[in-house]
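1. kindly return the folded structure for what I paste below:
(4 chains)
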There are 4 protein chains.
Amino acid sequence: MNKNALLDVAVLGASGYVGRELLGLLDKHRGVRVVTATSESESRVDGVRTVPLAEVVERWAPVDALFSCLPHGVSGQRSVWAQDRGARVVDLSADLRLSSTAVYGLTEVARPSLGAAGLVANPGCYPTVTLLGLIPLASAGLIDTDRPIIVDAASGVSGAGRSPRRELLFGEVAEDFRAYGAGNTHRHLPEILAGLRPHAGDLDLVFTPHLLPVRRGILATMHVPVADGMDVTQVQRLFTNAYADEPFVRFLPHRLPTLRDVVHRNLVAIGVVPVAQVRRPMITVVAAIDNLTKGAAGQAVQNMNVMFGLPETQGLAC
Amino acid sequence: MNKNALLDVAVLGASGYVGRELLGLLDKHRGVRVVTATSESESRVDGVRTVPLAEVVERWAPVDALFSCLPHGVSGQRSVWAQDRGARVVDLSADLRLSSTAVYGLTEVARPSLGAAGLVANPGCYPTVTLLGLIPLASAGLIDTDRPIIVDAASGVSGAGRSPRRELLFGEVAEDFRAYGAGNTHRHLPEILAGLRPHAGDLDLVFTPHLLPVRRGILATMHVPVADGMDVTQVQRLFTNAYADEPFVRFLPHRLPTLRDVVHRNLVAIGVVPVAQVRRPMITVVAAIDNLTKGAAGQAVQNMNVMFGLPETQGLAC
Amino acid sequence: MNKNALLDVAVLGASGYVGRELLGLLDKHRGVRVVTATSESESRVDGVRTVPLAEVVERWAPVDALFSCLPHGVSGQRSVWAQDRGARVVDLSADLRLSSTAVYGLTEVARPSLGAAGLVANPGCYPTVTLLGLIPLASAGLIDTDRPIIVDAASGVSGAGRSPRRELLFGEVAEDFRAYGAGNTHRHLPEILAGLRPHAGDLDLVFTPHLLPVRRGILATMHVPVADGMDVTQVQRLFTNAYADEPFVRFLPHRLPTLRDVVHRNLVAIGVVPVAQVRRPMITVVAAIDNLTKGAAGQAVQNMNVMFGLPETQGLAC
Amino acid sequence: MNKNALLDVAVLGASGYVGRELLGLLDKHRGVRVVTATSESESRVDGVRTVPLAEVVERWAPVDALFSCLPHGVSGQRSVWAQDRGARVVDLSADLRLSSTAVYGLTEVARPSLGAAGLVANPGCYPTVTLLGLIPLASAGLIDTDRPIIVDAASGVSGAGRSPRRELLFGEVAEDFRAYGAGNTHRHLPEILAGLRPHAGDLDLVFTPHLLPVRRGILATMHVPVADGMDVTQVQRLFTNAYADEPFVRFLPHRLPTLRDVVHRNLVAIGVVPVAQVRRPMITVVAAIDNLTKGAAGQAVQNMNVMFGLPETQGLAC
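-> Numbers count the residues shown, from 1 in each chain, chains lettered A, B, ... in the order given. Coordinates of the predicted model:
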């Protein structure tokens, strides 16, 4: 590839919330041009002409990079198909995240593998915020894995997609708040556990997602059992060092993050506090992301940048 | 007191969110009439004329019942003062909740003591929802107190009162979500622990409140370590039995509650699920209330009803 | 009918926003019992068992009163069918509002005709708020019909119903505001004009509805050309007198209403201001209702009360 | 000034909603550097260090451009003061908008005067959206000035500033909607009339602002009496031509704009529809802006760009 040439890029599934966000980011990215975008329901998305997926499949034209924002169950096989035809692929569905055919693209961890990757599984939104909040503790051996980690997380509604469903109507969501997937039944739990395993081995984690009456953003409150004798200054130093060179992770030494810190940014913001009045030491880590940027489309662009040797921050000004 | 006569009632601090809610409930209550209401900032609240507190103090006219919704720090001493002048008092502030001079008015627990009570400390909103979600497990001896209970709770903004503060402006709260009082620093923790102590002794509990972009309602997600061998059917039977005769507690056998179930009602709704994929048994209890009704004004009326021998549900149709 | 007996009532289409609101009101109404409720999508609505409409049709059991909240296009013929089978009917759809087979049930105007009515067309939400804001001026001959009345009105999303449509998702409606049906194309315009005609003859009116990011409530801002020489005191006296005995209309002499004044109440609140700095006299009338109560279910119950000789306010405490 | 040098810029009043927005825009602008920012309440705004205004006044250091976002009543005199000290000033308050000492900076109209301007009064948010929606009609002589224009406009709460006031609390604004400044009493009316006068002479206009439960954005629905014989195609051609070369005005030929089209953009979006069923011809113009960008900070940067001969769109990618 000519260093100065633009990458030709395709986006499958461009009219959902993630697809639109991705098109918006790619539009401002000076290193790419979107040559193909698909949608079954809209013929234009933010000014970009789209065609039905079937048309792309029938008349395949090679691209450098392909993003698949197709629904779970459909996306994975289409991504493999595109890779077979020469595209380097970022798949944003859950289909390939636990598979060995794809690199799991939590950029901050996967960076060394991305340069040669042909197929990247972009992490889920909850796993992204949870893993980036826990991995520094896990890899420093500071988590007491005899006791469970408790993660209560809350997401804005764009995380549930843009298909019309009664429970996502404004009249149902506004002024409401609810837990869903309680009792460790949510499909993101195995992804979180798999992401922690290389750093901390097996451990117990209770993950409960909630639905917030906001459009975008996830806040995860994580209660972490830590080794005796830990003090919070140590933990703060650990986070500060771990993320010192990361352009898209911000550790807040003096306060906890809120959605306001991250919305519309490709950014994870993290804060910690020690837990008082308990017999065995714990800390509470609070981490926030925008589910559509660092939790999906932003991280996908970040992955593409690293895959193709572009500056990691290109098109993702924080 | 003549059985058919109306109770004469005073409300101190009627123009805050709790005071207004209380006036609204008392207005529909057929057993009382509001003879005095105070406000420093408004001369009428929902059609009821108010006077400054100083005026009431100077020209004290006896009432049967007095509710104090004055600010913390001011309310307690004024309630004691009113009790000294013959009123039976429900104090809605935090001032007397940990004191032995008042009955702690979690109605479902305190009922036997209310008939003779001259001074009742109405519970805080977070303690109400937390305690009613945990006490059945605690008094059945099913909580494993060697391990901590984790409570992540989220409240609508009316819980923070009606005084103008920048962080409560619509422009700050809308589309945001944040933890506050993390690390066990919130003043409701001691109240929760004190409420559990008679039922379960001392235990560890991590309590983290969050601010929701809704006007009213609290949802508490509580992760409870339970004895080995417990199954969820047993727990469901326990809750069903514990609350079978309670007019203002609803156990949902098949699902978890949401704010929608309780808003504008004097009601706690509770559901439970077992936690899968952890080595030591836990259950997740989710409980919801409206912070202004069962979490404040509604419970205050419920307490008054019991104190004066009125039907407990009068004026509180669920 | 025995004066002390309960009315047997049926509700067709109970699971939409209007149907649910209606069931809630009827549940608290001491003069009726709901013996039949239909829904195609839910087997229970707020604790009331429902059956599919087809089942009611096949095994018709007589009722005293029937409310049809079925969709436009279906509702009208079903209401006529029920009337033929002996029920007195309130139809909440748009189907019969411009037809001579039904009494147009704007209660404050229709009261004399309701006692004998077998079929009542419940007014639309926008027409209700607009007509009650304009009729006093119209019937006093104060509107200058040579110039157009301009009505800009905004409604919460429950006015659009509970069927899943993409444009009603939380992610689409929150933080947005839009005009729809601009240019006098909305189907409520003929209903408004027909409602004004008996009072003011033909006139020009520009009606533009907007979609608000709230759940319930309509606010209409109406700019009315008035006769030369009118002063605002006169207008205020006019409104005060016109609505002096109306339990569900509140004229605010000193301020304009907001949604907050009317939500969850069967109430129209109205205020007026003179328009300064224009050459020919105009006044601005602002009126507010809750689209689900006075704009639909509440007014339906109010109509039923009058039809059956019950106290007009029964079950509708304001 | 060296063509390649950065402009030194000062921002007075940086911690309000407008000030913060402006800092955010300037931070991404490649032609300037912020050397001074003031705030009385916060020592940092979005990472920029601020000092109290008094400090800047005492130790004045020359800048190329100065933006004043100080409160009305304070801002104007400070802007004049800064101009006297050699800065070219954009004043964002209302103080100088009707004064002859400043150029009225509605960029699309004022462009020819900006190159030499030392002091620019940045237009109000409501006047910006109203004037850009009406001026093409006005300057083409198509408005029938014998009849009044009716403008009903609704704004998000950031338009009311960030000072804590009870009526702006989340608990008051959420789920509410209200008119304010009805009856032509709002201070933006004279500004709107003054802005129209050069194009259409004196005319009658009824302007009613409303408060929306959203954070940002203004939508103005404008009912305009037009000359007999006008057809909507003509009007559309007029708007298309008038704004063909404007980077920050988008005429939508086939639909009306919503807040969604403009939020977070320096953009006015405009659509028109003819009004049916009225005897004398009218059209409805709907226009939308983000009150913090094109309605304040964005237009201020746009003005600065033109004043200093920078590309007009620099730092304002749409």
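
2. show me where the stretch 1-150 of chain A has its helices.
-> Assigned helices in the stretch 1-150 of chain A, in chain order: A:17-28, A:53-58, A:75-84, A:107-114, A:125-139 (criterion: DSSP state H, counting those that start in this stretch).

3. need the winner for burial among these.
-> Highest mean neighbour count among those (mean count of other CB atoms under 10 Å in any protein chain shown): helix A:125-139, with a mean of 25. In this view, the C-beta of every residue, glycine as well, is placed from N, C-alpha and C.

4. most proximal residue of the stretch 201-318 of chain A with respect to chain D?
-> Nearest residue of the stretch 201-318 of chain A to chain D (CB to the nearest CB) works out as A:Ala317 at 7.0 Å.

5. on that earlier part again, so which of the helices of the stretch 1-150 of chain A comes closest to chain D?
-> With CB to the nearest CB as the criterion, chain D lies closest to helix A:17-28 of the helices of the stretch 1-150 of chain A, at 7.1 Å.

6. residue ranges with poor pLDDT in chain A?
-> For chain A, the stretches with pLDDT under 70 are A:1-4, A:318.

7. how does it divide into domains?
-> Under the assignment automatic domain parsing, the domains of chain A span A:7-123+A:296-307, A:125-291.

8. any chance of CSV for the ones you listed, columns distance to chain C?
-> Shown next, in CSV, are these (distance: least, CB to the nearest CB, whole Å):
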stretch, distance to chain C
domain A:7-123+A:296-307, 7
domain A:125-291, 4
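
9. A:Val63 touches A:Asp8, doesn't it?
-> Yes - A:Val63 is in contact with A:Asp8 according to CB atoms under 8 Å; the separation is 4.6 Å.

10. of the two, who's got more company?
-> Of the pair A:Val63 and A:Asp8, A:Val63 is the one with more neighbours under other CB atoms under 10 Å in any protein chain shown, namely 24 against 18.

11. report the contact partners of the more buried one.
-> A:Asp8, A:Val9, A:Ala10, A:Val35, A:Thr36, A:Ala87 (CB atoms under 8 Å, 6 or more residues apart in numbering or on different chains).

12. how near is it to C:His199?
-> A:Val63 sits 67 Å away from C:His199, taking CB to CB, to the nearest Å as the criterion.

13. any idea which residue sits dead centre in chain A?
-> By CA atoms, centre = their mean, chain A has its centre lying nearest to A:Gly295, at 2.9 Å.

14. phi first, then psi, for it.
-> Main-chain dihedrals, A:Gly295, degrees, to the nearest 10: phi -80, psi 0.

15. how close does it sit to B:Arg237?
-> Going from A:Gly295 to B:Arg237 by CB to CB gives 40 Å.

16. kindly report the same for A:Val232.
-> Shown here: A:Val232 relative to B:Arg237, a distance of 43 Å by CB to CB.

17. between those two, who's got more neighbours?
-> A:Val232 (15 against 12).

18. can you lay out the helices of the stretch 1-150 of chain A as CSV showing distance to C:Leu219?
-> Below are the helices of the stretch 1-150 of chain A laid out as CSV (distance: least, CB to CB, whole Å):
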stretch, distance to C:Leu219
helix A:17-28, 30
helix A:53-58, 44
helix A:75-84, 44
helix A:107-114, 48
helix A:125-139, 37
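
19. which of those helices sits closest to C:Val173?
-> Of all these, the one in closest proximity to C:Val173, counting by CB to CB, is helix A:17-28 (14.0 Å).

20. show me what the closest one is in contact with.
-> With CB under 8 Å, 6+ apart as the test, helix A:17-28 has contacts from A:9, A:11, A:13-14, A:32, A:34, A:37, A:39, A:45-46, A:48, A:67, A:69, A:92, A:158, A:161-162, A:292-293, A:296-298, A:300-301, A:315-316, C:171, D:317.

21. apply 7 Å and report the result again.
-> The set of residues external to helix A:17-28 that reach it, using CB atoms under 7 Å, 6 or more residues apart in numbering or on different chains, is A:9, A:11, A:13-14, A:32, A:34, A:37, A:45-46, A:48, A:67, A:69, A:92, A:158, A:161-162, A:292-293, A:296-298, A:300-301, A:315, C:171.

22. quick one on the thing from earlier: how about the domains of chain A in JSON lines, adding distance to C:Ser79?
-> Listed next are the domains of chain A as JSON lines, based on distance: least, CB to CB, whole Å:
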{"stretch": "domain A:7-123+A:296-307", "distance to C:Ser79": "36"}
{"stretch": "domain A:125-291", "distance to C:Ser79": "25"}
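
23. so of the contacts of helix A:17-28, which ones are in strands?
-> A:Val9, A:Val11, A:Val32, A:Val34, A:Ala37, A:Val45, A:Val48, A:Phe67 (DSSP state E).

24. which one in chain A is furthest away from the centre?
-> Ranked by distance from the centre of chain A (CA atoms, centre = their mean), the top residue is A:Arg279, with 34.7 Å.

25. just give the closest residue to that residue, not the sequence neighbours.
-> B:Asp204 (5.7 Å; CB to CB, 6 or more residues apart in numbering or on different chains).

26. now do A:Leu25
-> Closest residue to A:Leu25 apart from its sequence neighbours, by CB to CB, 6+ apart: A:Val301 at 5.2 Å.

27. and if you look at A:Asp95?
-> Nearest residue to A:Asp95, sequence neighbours excluded (CB to CB, 6+ apart): A:Gly76, at 2.8 Å.

28. so A:Asp204 makes contact with B:Val278?
-> Yes - the criterion here is CB atoms under 7 Å, and A:Asp204 meets it with B:Val278 at 4.4 Å.

29. these two: which has the busier surroundings?
-> Counted by other CB under 10 Å, A:Asp204 and B:Val278 do not tie: A:Asp204 has more neighbours, with 19 against 16.

30. can you tell me how far the more buried one sits from A:Asp144?
-> A:Asp204 is 11 Å from A:Asp144, where distance means CB to CB.

31. check A:Val214 too.
-> In terms of CB to CB, A:Val214 sits 34 Å off from A:Asp144.

32. before we move on, what about A:Gly118?
-> A:Gly118 sits 39 Å away from A:Asp144, taking CB to CB as the criterion.

33. next one: A:Val74
-> Distance of A:Val74 to A:Asp144, computed by CB to CB: 41 Å.

34. intersection of neighbour lists for A:Asp204 and B:Val278?
-> With CB under 7 Å, 6+ apart, A:Asp204 and B:Val278 have common neighbours A:Pro148.

35. which neighbouring residues are in contact with A:Arg33, exactly?
-> Contact analysis of A:Arg33 by CB under 7 Å, 6+ apart lists A:Leu6, A:Asp8, A:Val9.

36. to what extent is the first one buried, counted in neighbours?
-> Read that as A:Leu6. Close neighbours of A:Leu6, defined as other CB under 10 Å, add up to 15.

37. pretty sure it is touching A:Gly31, no?
-> Yes - if you go by CB under 7 Å, A:Leu6 and A:Gly31 touch, sitting 6.3 Å apart.

38. for stretch A:39-55, buried residues please.
-> Residues of stretch A:39-55 classed as buried by neighbour count (16 or more other CB atoms under 10 Å in any protein chain shown): A:Ser39, A:Val45, A:Val48, A:Thr50, A:Leu53.
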